[in-house]
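**Student:** return atomic coordinates for the entry below.
(2 chains)
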Number of protein chains: 2
Amino acid sequence: MSKIFVFGHQNPDSDAIGSSYGYAYLKRQLGVEAEAVALGTPNEETAFVLDYFSVNAPRVVESARSEGVNQVILTDHNEFQQSISDIKDVEVIEVVDHHRVANFETANPLMMRLEPVGSASSIVYRMFKENNVEIPKDVAGLLLSGLISDTLLLKSPTTHASDPAVAEELARLAGVNLEEYGLAMLKAGTNLSSKSAEELIDIDAKTFELNGNQVRVAQVNTVDISDVLSRQAEIEEAINSSIKSNGYSDFVLMITDILNSNSEILALGSNTDKIEKAFNFVLENNHAFLKGAVSRKKQVVPQLTESFNV
Amino acid sequence: MSKIFVFGHQNPDSDAIGSSYGYAYLKRQLGVEAEAVALGTPNEETAFVLDYFSVNAPRVVESARSEGVNQVILTDHNEFQQSISDIKDVEVIEVVDHHRVANFETANPLMMRLEPVGSASSIVYRMFKENNVEIPKDVAGLLLSGLISDTLLLKSPTTHASDPAVAEELARLAGVNLEEYGLAMLKAGTNLSSKSAEELIDIDAKTFELNGNQVRVAQVNTVDISDVLSRQAEIEEAINSSIKSNGYSDFVLMITDILNSNSEILALGSNTDKIEKAFNFVLENNHAFLKGAVSRKKQVVPQLTESFNV
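**Tutor:** Numbers count the residues shown, from 1 in each chain, chains lettered A, B, ... in the order given. Below is the predicted model of the structure:
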């Protein structure tokens, strides 16, 4: 069997990097020639994580076939438009994920392990346990970071009842204090001042096909929403330019306050009526407050899906 | 939480019935109000199984919502066109399956447990083990039958390296001799003489959407292929009538010799050129021999998928 690539989604976040890094390690221990690669460079939060645990960033690849790879394992995503460019030309042999399923299809049976838990890293942790493979310190650190990142330190409604125990065990194995490390890591991701508006709207952005519309949903974390909104004019310019060049019907930016667990939604595009209906709010000057919302997956995408499907 | 339906695919076979019956039992032991239902009446093989283990056939339901059920668990299938009529109006909270993934989409994250093994029943067996729940005799019997049925007594290429041990353990729990029981069960499913041609082509039939075409692929088991071919005229009439009334582009019937592990392919429809190309054979009088082919999933559907996508 030739080499297998293991990777998370485009615009990788700490869970995409952590789950793919950890799962590739596990597969190697089980005798499979697996390499963790990435579909983009790490964001600032993930860069902090990699530096903290002295792990080199997985190399960025553009396609699998050009590297002589025909079989891939997806972690932390399944939708093809969030995956590697030549996903339709390779065989997906496994998926480890915690998202909804959509725009995913295979010709052959495969191993698919999806659980509605806080992070893909939580599932990878469980697979280490099931296979009785020891988790080294760096892998534990990256898996822990994936879980902290996706659940905003276990505060997001996406946190599963089983996640806190996973976080505690991983923190022990990684040799860190969960709260202290978690907050430092999340804060590292809120440093937006060095980013251009174009970079900011692409830090953590995914495209969803909603009833024929290409809807881009991006999220940035901050400790002060007004800080981000002070740059509204240049952000809107970047969004409108992105809509034009990528053919998105809509662009939804979640500006998430990680300390108070709320989000401001900034929305531009052709279906703002549907977006207002989805969240039962009125956009003023293109934005509105969404109390208690921190999870794109649970508090934004399902609502948009339903609203766009009416 | 209100009641949850657990069911296999339309035209249920022994694995659809066995895996849903077993998994609903497991969920109930874990405190979930789950009922195994079926999307059709048992075929002759499954009727033999149910009678052997004194299990009543799961009741047949037409839709979930009309029964007040909003959440469902799918076993042994995931493609919506093989599922309950109102699948798009309910929430799929779990899938336990061993098929390729296609035409499947959710709005929310879910539990999905797919493995490329011989039967969905094999996976359900493993989930009993993982949850430390004892498998009662009737459940063991039904799970065993699902595995025997789908792998033609462990002879199909879909048999996974882990399946023989599963079969042995289940046979022990069910109190049967694997070989003797297996052959008796498979033979019970080859009694086609009492079936009309319309019934015969619908015993085990699934629709696949291949590049925009609705392709029906049916399979019947026999101990003598020529026996079935002696009815070719009335079978073709039934197929043509089914194509017309259901809008299929093509109808592929696998006539599988369970003793020698070969199939005769009978194909009618608009794309017989693509079907010939898929199997690298020439249809004569609408049929051709496919040596060693017993698995629709592994030896027919992927080949058709590729051929139709060119």
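
**Student:** stretch A:6-20: end-to-end distance?
**Tutor:** Stretch A:6-20 has an end-to-end distance of 6 Å (criterion: CA to CA, to the nearest Å).

**Student:** and chain B, is it touching that?
**Tutor:** No - judged by CB under 8 Å from any CB of the partner chain, stretch A:6-20 and chain B are separated, with a smallest distance of 13.1 Å. Where you see a C-beta, it was placed from the backbone N, CA and C, and this is true even at glycine.

**Student:** let me know the average pLDDT across that stretch.
**Tutor:** Taken as a whole, stretch A:6-20 has a mean pLDDT of 97.

**Student:** what of stretch A:296-310?
**Tutor:** 92.

**Student:** mind listing what's buried in that stretch?
**Tutor:** Across stretch A:296-310, burial judged by 16 or more other CB atoms under 10 Å in any protein chain shown covers A:296, A:297, A:298, A:299, A:300, A:301, A:302, A:303, A:304, A:305, A:307, A:308.

**Student:** what is the end-to-end distance of that stretch?
**Tutor:** Note: stretch A:296-310 ends 20 Å apart using CA to CA.

**Student:** off-centre distance for it?
**Tutor:** Centroid displacement of stretch A:296-310 relative to its chain, using CA atoms, centre = their mean, to the nearest Å, is 17 Å.

**Student:** which residues touch it?
**Tutor:** Residues outside stretch A:296-310 that contact it (CB atoms under 8 Å, 6 or more residues apart in numbering or on different chains): A:99-100, A:156-158, A:206, A:208, A:210-211, A:213, A:215, A:217, A:219, A:252, A:254, A:265, A:271, A:274-275, A:277-279, A:290, A:292-293, B:107-109.

**Student:** buried subset of the residues you listed?
**Tutor:** By 16+ other CB under 10 Å, the contacts of stretch A:296-310 give A:99-100, A:156, A:158, A:206, A:208, A:210, A:213, A:215, A:217, A:219, A:252, A:254, A:265, A:271, A:274-275, A:277-279, A:290, A:293, B:107-109 as buried.

**Student:** of these, which belong to helices?
**Tutor:** A:274, A:275, A:277, A:278, A:279 (DSSP state H).

**Student:** export the residues you listed as a markdown table, with columns for distance to residue A:239.
**Tutor:** Listed next are these as a markdown table, based on distance: CB to CB, whole Å:
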| residue | distance to residue A:239 |
| --- | --- |
| A:274 | 17 |
| A:275 | 13 |
| A:277 | 20 |
| A:278 | 18 |
| A:279 | 18 |
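
**Student:** got a pLDDT number for the closest residue to residue A:34 other than its chain neighbours?
**Tutor:** Spatial nearest neighbour of residue A:34, chain neighbours left out: residue A:27 (3.9 Å); criterion: CB to CB, 6 or more residues apart in numbering or on different chains. Looking at residue A:27, its pLDDT is 98.

**Student:** tell me, how many residues neighbour residue A:27?
**Tutor:** 21 (other CB atoms under 10 Å in any protein chain shown).

**Student:** so how far is chain B from it?
**Tutor:** Per CB to the nearest CB, to the nearest Å, residue A:27 is found 15 Å from chain B.

**Student:** re the thing from before, pick out whichever of the ones in helices among the buried ones among the contacts of stretch A:296-310 sits closest to chain B.
**Tutor:** Nearest to chain B out of those is residue A:278 (CB to the nearest CB; 12.0 Å).

**Student:** ok, the closest one - contacts?
**Tutor:** Counted by CB under 8 Å, 6+ apart, residue A:278 has contacts A:303, A:304, A:306, A:307, A:308.
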